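Engineer: predicted coordinates and the sequence they were generated for:
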Amino acid sequence: MEGNLEGLSDAMLLLRFDPRAEKVTALSIPRDSRVDIPGYGVGKINSANYFGGAALAALTVSQTLGNVPVDRYVRLNINGFGELIDALGGVEVVVPKPLRYRDDSQRLYIDLPAGRQKLDGAKAIQYMRYRDAEYGDVGRVQRQQSLIRTLKEQKLNVGTLARMPEILRVLRNNLDTNLSVNEMLALGGFAADLDRSRVDMLLLPGRFSEAGEFPLSYWLLEPESIRGLMAAHFDLPVAAPIAPSPTELQVAVQDTVGSADGLLAVRQILQEAGYPNLRTVNPLPTPLPQTQIVAQNGNRLLAAKIRDRLGLGEVTVEATGDLESDVTIRLGQDWKNRHRGQKATTGS
């Protein structure tokens, strides 16, 4: 939420906790999504909370996503989010490029350099709220997912216990929910115990509206893709779509370790394996120790098949990859080392 719990939603997620499958699924819903808000007509989904609070926001999300059940809700004041980051001792992230923005009307001032850094609560809010011209609200979603993933890995562990009194104070002052205390503790403990491979982070399928298409800019939803996603990840009773073949798959390759030869080697391997739709995207400024295979479209199996072709890499399901891809490959130091070793063997 913005400065109070009754305003426009700054970030919206639908979470599914599945103890049987030992899995958590988080679906990010861009706040500019153009939807029908019951009783208020068509508008941006983030206004549902403003018009009717948590009840209307939950109803709108459910209706938009094929009447998926929404059993509980949590609303967190954005200033409380910053206090929570401070209570956790900060969060370390990789900022892919300098983030600078100034809006006096909203009193929003953002100035973050590129690279790996530890953010306090105020800077974490800047990181989460930054909106660039190219990717708009969806760029925000990507940073929010990156921040959530990092928080889960850094802070949801036994070391958090020492900070628990301050964390509970922050939540008590800034949180609105119909979860009981026992339910919150159970869900938090369940998520904390999961390996990152058991946490999927998705993006609600859609596209950016074009200039002049509407008076306002929107994220325009793609109903068929949404039905497939909800069937695959939320067990809605609709037929799951047929997965694209390698010849249809859009694959982005991203360097993080300055290995031009490594990029060429990946492209050659995948082209020979029948993946013709390859594109190289801008490198990341901070090297990764391990190659990541990001299932941008939410299909872990397709990303795993590419991982098997490459022979290494960690598969993650999240929407932080290239937006035009189904799968994004981020080449890490492990790929560079293996490729260097293969060249040395070939040359000897």
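Structural biologist: Looks like it came in fine.

Engineer: starting at the chain centroid, how far to stretch 288-305?
Structural biologist: Taking the mean C-alpha point of stretch 288-305 and that of its whole chain, the gap between them comes to 13 Å (C-alpha atoms, centre = their mean, to the nearest Å).

Engineer: same thing with stretch 135-147?
Structural biologist: Distance of stretch 135-147 from its chain centroid, counting by C-alpha atoms, centre = their mean, is 7 Å.

Engineer: got the contact list for residue 252?
Structural biologist: Shown in contact with residue 252 (C-beta atoms under 8 Å, 6 or more residues apart in numbering): 278-281, 296, 321-322, 324-325, 327-329. Where C-beta positions appear, they are placed from N, C-alpha and C, glycine not excepted.

Engineer: farthest pair in those residues?
Structural biologist: 280 and 296 (15.5 Å; C-beta to C-beta).

Engineer: looking at these two, which is more packed in?
Structural biologist: Each of residue 280 and residue 296 has its neighbours counted (other C-beta atoms under 10 Å); residue 296 has more, 26 against 16.

Engineer: how about that one, nearest residue that isn't a chain neighbour?
Structural biologist: Spatially, and ignoring its direct neighbours in sequence, residue 296 is nearest to residue 321 (4.0 Å; C-beta to C-beta, 6 or more residues apart in numbering).

Engineer: I'd like to know how far that neighbour sits from residue 138.
Structural biologist: To residue 138, residue 321 is 12 Å away according to C-beta to C-beta, to the nearest Å.

Engineer: quick check: the residue nearest to residue 296 touching residue 293?
Structural biologist: No. With contact defined as C-beta atoms under 8 Å, residue 321 does not reach residue 293; the gap is 9.3 Å.

Engineer: residues that sit against both of these two, list them.
Structural biologist: Common neighbours of residue 321 and residue 293 (criterion: C-beta under 8 Å, 6+ apart): 327-328.

Engineer: just to revisit the earlier point, of the contacts of residue 252, which is the most crowded?
Structural biologist: Highest neighbour count within these: residue 329, with 30 neighbours (other C-beta under 10 Å).

Engineer: can you confirm that one is in a strand?
Structural biologist: Yes. Assigned with DSSP: H, G, I helix; E, B strand; the rest coil, residue 329 falls within a strand.

Engineer: give me the low-pLDDT residue ranges for the protein?
Structural biologist: When residues are selected by pLDDT under 70, those of the chain lie in 1-3, 133, 155-162, 239-241, 341-348.

Engineer: what's the single longest helix in it?
Structural biologist: Counting by DSSP state H, the longest helix found in the chain is helix 136-155.

Engineer: so after it, what's the next helix or strand?
Structural biologist: helix 164-174 (DSSP states H and E).

Engineer: please identify the buried residues of that next one?
Structural biologist: Using 16 or more other C-beta atoms under 10 Å as the test for burial, helix 164-174 gives 167, 170-171, 174.
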